[in-house]
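> sequence first, then the predicted structure, then my questions.
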Amino acid sequence: MDLKLLQNRIGYTFKDIALLEQALTHRSHSCLHNERIEFLGDSILNCVVASLLFKRYADIDEGDLSRVRANLVKQQALFEIAQSLDLPHFLRLGEGELKSGGFRRPSILADTLEALFGAIYLDAGFDVARDVICALYNPILDTVDLATLGKDAKTLLQEFLQGKKIALPQYNVIATRGAAHNQEFEIECLVPKLAIQVFGTGGSRRAGEQAAAKLALESAKAVALKPSSRKVKPRASQLKLAGIATLQPGVPVNSTAKSEVRNDSDPAGQKQ
């Protein structure tokens, strides 16, 4: 395990390498694990992201700022950052977690990233921890769509379909490729009512579902914008008002026609 590689990726070199090792240690590995440091890192992360949002978006009220922050610091967002750093390669896990694929588990990776922030704070102070977090989050903030308040694609797709009273999408794993420590998942997303079938890939099942959901949302919006091709047939009452004869069930065509002719020639509707 080359910890120098990880330190290069986060842009910080530890003075006390033991802090970095502890941050990377899951409780299944040893009693000196990362859970207390993770607690510290979680608070630092929330503070730094809140400060970033406060400075960047001066026109957004506190309620929307809170919702954006919640989406930026939740497990999925942390998991994706951890993957970008190839954090699974550096985890210290017990034998049981290794066998069960703990290095792919979003909760473990998200917790480890928070512990990493906490370890940087303990090693160098708040300002350095803030700089590392800002370097990781600024590119993400550049792509945040404030209209969605930072919601992920699966959430947006679900809300869109619910607004149209359409059943929720179905996600299926189509294929899994690559070595155990660097797998790629191909996920199918189906919205049967809209005849949508799309595929997304990612380094985890969840990431693959997000990629597929994004494509499905784009397709669903495109379908919603298309004008309806369904022709609405006018009701019989509407045809009568328009002066158009309608056939009544059980009445022969000829007798109907004769009746109409007789009525037209004889306003009184009676024989002389």
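Ah, there it is.
> show me where pLDDT drops low in the stretch 1-150 of the chain?
Residue ranges of the stretch 1-150 of the chain with pLDDT under 70: 1.
> can you give me the helices in it?
Counting by DSSP state H, counting those that start in this stretch, the stretch 1-150 of the chain has helices at residues 3-10, 17-23, 35-56, 62-73, 75-84, 95-99, 106-124, 126-141.
> got TSV for those helices, with mean neighbour count and distance to residue 153 too?
Heads up, the C-betas are built off the backbone N, CA and C, glycines and all. Listed next are the helices of the stretch 1-150 of the chain as TSV, based on neighbours: other C-beta atoms under 10 Å; distance: least, C-beta to C-beta, whole Å:
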stretch	mean neighbour count	distance to residue 153
helix 3-10	14	26
helix 17-23	19	30
helix 35-56	17	20
helix 62-73	16	11
helix 75-84	19	10
helix 95-99	12	29
helix 106-124	23	16
helix 126-141	16	14
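> closest one to residue 164 among those helices?
helix 62-73 (22.7 Å; C-beta to C-beta).
> any idea how far the closest one is from the chain center?
Centroid separation for helix 62-73 versus its chain: 15 Å, with C-alpha atoms, centre = their mean, to the nearest Å.
> the inter-axis angle of it versus helix 106-124?
For helix 62-73 against helix 106-124, the angle by axes from the mean of the first three to the mean of the last three C-alpha atoms, to 10 degrees is 100 degrees.
> could you say what helices and strands helix 62-73 packs with?
Counting contacts by 3 or more C-beta pairs under 8 Å, 6 or more residues apart in numbering; DSSP states H and E, helix 62-73 packs against helix 35-56, helix 126-141.
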